[in-house]
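K.L.:
Requesting a structural model of the entry that follows:
(2 chains)
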Amino acid sequence: MSMRTARSLLAVLLVGSAFRSTEAQDPRLSNRLDAPTRKALFAIVDSARAQGIPVEPLMEKVYQGLAMGADGSRIVVAVRSLTLEMGNAHRVLGAVATTDELKAAASAVHAGVPAVELGKMKKQSGLRRSLTLPFTVLADIVSRGVPVAAATNAIKSLVGAGAKDKDISDFQRNVSVDIEKGAQPAAAAETRAKGAGAPTPKEENREHE
Amino acid sequence: MPDWGRNTLELMVQELQHPVRLDDSFNRRVMVRVRRIYAERRHRSIIGWLGAAASISRRPAWAAALAAGVVAVVSVSLLHGPNKPSLPAGQTIPVQFVLVAPEARTVAVVGDFNNWGLGDTALVAVNHNGVWSVSAPVHTGVHRYAFLVNGKQWVADPTAPRAADDDFGQPSSALVVEASTQ
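P.N.:
Got it, this is the predicted structure:
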């Protein structure tokens, strides 16, 4: 048997064992996902792991899809999309980013925030500041209709002004209430960012001029 | 040098230029980070060892068996959820989930923290005159979750940030559980 054949055989054995063990542990995977879906998911997860992308959020996405009754192809699309978004976030945030930051950053990227903006925020805030909550709030307010640029500026201003997570949580709550009451989303974000002690985007731009 | 490498280097230089001030919570915050990094590295080192095992070729029979066994163990930890490998062990914070739903017959909370389990692992809320609530210890980190009303209707938590990625056409929320002060 040549070395290549032996390796191929080993690879088949390894993948087979992995699936059998996983299925034995969690019947949801074998009961609800067909073989091609499981194979596609395993390939995505394996590729993500090779790139240094944390795989736990990908598996959480699989479980979410199963719970919500999505079919296999939809789960594969969602997991592939999340892998790409986490990969983008990983590239701009660097090796210092935690799994939670990457997961939150991926949500922001999914909402439409350019990954490069998240990288700028990380650079601005330094190593000590976790951006998990700011990224989560950023994704939230964009999904509520705040334009990406206004939302990014608001969060950047808050983080730059040294706002704590509690301040940013309050900001999120206030913006969502304002929007529910009929406020224009961009105006709500800019006004509430100002109220939270951060300069408005316009003031910030003037400072840079 | 890849982009992330350059960014990391710049961040390190930036950090080293700051004066060092230690407050009372310093030790606790360091230990939270250390546990998190340890949990992530332990995961990576097992995978690295797995790669090394797969390259053993002199004794293919036992090497294949060994590697297959290791892959099985690693895969269980990666693909099966209850152990939450990304989160530091022991770091849980009590969280109360509340949903006002006077017409509901049942309300459960499912999410990343219980691997979206609908059966025994779902957090079943208790009805207090239409205000449904359940408290549970949740690992530090960011989690997606949703309320499941009457076993079929998905409802986002109106008091929490939205999870932007509703890939499955159902709403969900985001929860950030912090263990340490900043």
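
K.L.:
residue ranges with poor pLDDT in chain B?
P.N.:
Within chain B, the stretches with pLDDT under 70 are B:1-90, B:180-182.

K.L.:
One more pass at 90, please.
P.N.:
For chain B, the stretches with pLDDT under 90 are B:1-92, B:117-123, B:164-167, B:178-182.

K.L.:
what's the answer for chain A, then?
P.N.:
Looking along chain A with the criterion set at pLDDT under 90, you get A:1-32, A:94-96, A:123-128, A:194-209.

K.L.:
quick one, helices of it?
P.N.:
With DSSP state H, the ranges of helices along chain A come out as A:3-25, A:27-32, A:35-50, A:56-67, A:72-93, A:99-111, A:115-125, A:132-143, A:148-160, A:165-180, A:185-195, A:201-208.

K.L.:
quick one: which of those is nearest residue B:114?
P.N.:
helix A:56-67 (9.1 Å; Cβ to Cβ). C-beta: built from backbone N, CA, C; applies to glycine.

K.L.:
Domain map for chain B?
P.N.:
What automatic domain parsing lists as the domains of chain B is B:3-79, B:92-177.

K.L.:
Show me chain A divided up by domain.
P.N.:
Taken from automatic domain parsing, chain A resolves into A:7-93, A:98-209.

K.L.:
Turn the ones you listed into JSON lines, including mean neighbour count and distance to chain B.
P.N.:
What follows is the domains of chain A, written out as JSON lines (neighbours: other Cβ atoms under 10 Å in any protein chain shown; distance: least, Cβ to the nearest Cβ, whole Å):
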{"stretch": "domain A:7-93", "mean neighbour count": "19", "distance to chain B": "4"}
{"stretch": "domain A:98-209", "mean neighbour count": "20", "distance to chain B": "4"}
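
K.L.:
got JSON lines for these, with distance to residue B:163 too?
P.N.:
Output for these, formatted as JSON lines (distance: least, Cβ to Cβ, whole Å):
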{"stretch": "domain A:7-93", "distance to residue B:163": "9"}
{"stretch": "domain A:98-209", "distance to residue B:163": "6"}
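
K.L.:
for the residue most central in space within chain A, what are its contacts?
P.N.:
Central residue of chain A (Cα atoms, centre = their mean): residue A:106, 2.1 Å from the mean position. Residue A:106 makes contacts with A:57, A:82, A:85, A:86, A:88, A:89, B:165, as judged by Cβ atoms under 8 Å, 6 or more residues apart in numbering or on different chains.

K.L.:
Can you give me the distance of the residue nearest to the third one when sequence neighbours are not counted to residue B:155?
P.N.:
With Cβ to Cβ, 6 or more residues apart in numbering or on different chains as the criterion, residue A:85 has its nearest non-adjacent residue at 3.9 Å, and that residue is residue A:106. As defined by Cβ to Cβ, to the nearest Å, residue A:106 lies at a distance of 23 Å from residue B:155.

K.L.:
Confirm for me that residue B:99 is in contact with residue B:148.
P.N.:
No - the criterion here is Cβ atoms under 8 Å, and residue B:99 misses it with residue B:148 at 10.1 Å.

K.L.:
shared neighbours of the two, anything?
P.N.:
B:107, B:155.

K.L.:
more neighbours, the two?
P.N.:
residue B:148 (24 against 20; other Cβ atoms under 10 Å in any protein chain shown).

K.L.:
what about stretch B:112-123 and chain A, touching?
P.N.:
Yes - for stretch B:112-123, a contact with chain A is found by Cβ under 8 Å from any Cβ of the partner chain, at B:112, B:115, B:116, B:117, B:118.

K.L.:
and what of stretch B:142-159?
P.N.:
Yes - remark: stretch B:142-159 sits within contact range of chain A at B:142, B:144, B:154, B:159, by Cβ under 8 Å from any Cβ.

K.L.:
List the contacts of that stretch.
P.N.:
The contact list for stretch B:142-159 (Cβ under 8 Å, 6+ apart) reads A:60, A:64, A:68, A:100, A:103-104, A:132, A:136, A:173, B:97-99, B:101, B:104-113, B:118, B:122, B:125, B:132, B:162-163, B:165, B:170-177.

K.L.:
Stretch B:91-100 now?
P.N.:
B:32, B:35, B:107, B:109, B:123, B:125, B:130-140, B:145, B:147, B:149, B:155, B:157-159, B:175, B:177-179.

K.L.:
What remains of those if I keep only buried residues?
P.N.:
For the contacts of stretch B:91-100, a burial check counting by 16 or more other Cβ atoms under 10 Å in any protein chain shown picks out B:32, B:35, B:107, B:109, B:123, B:125, B:132, B:134, B:138-140, B:145, B:147, B:149, B:155, B:157, B:175, B:177-179.

K.L.:
In strands only, show me those.
P.N.:
B:107, B:109, B:123, B:132, B:134, B:138-139, B:145, B:147, B:149, B:155, B:175, B:177 (DSSP state E).

K.L.:
what's the farthest-apart pair in the residues you listed?
P.N.:
Among those, B:139 and B:149 lie farthest apart (Cβ to Cβ), at 24.9 Å.

K.L.:
ok so, going back, can you name the two of the residues of stretch B:142-159 next to chain A that are farthest apart?
P.N.:
Top of the distance list for these (Cβ to Cβ): B:142 and B:154, 19.2 Å.
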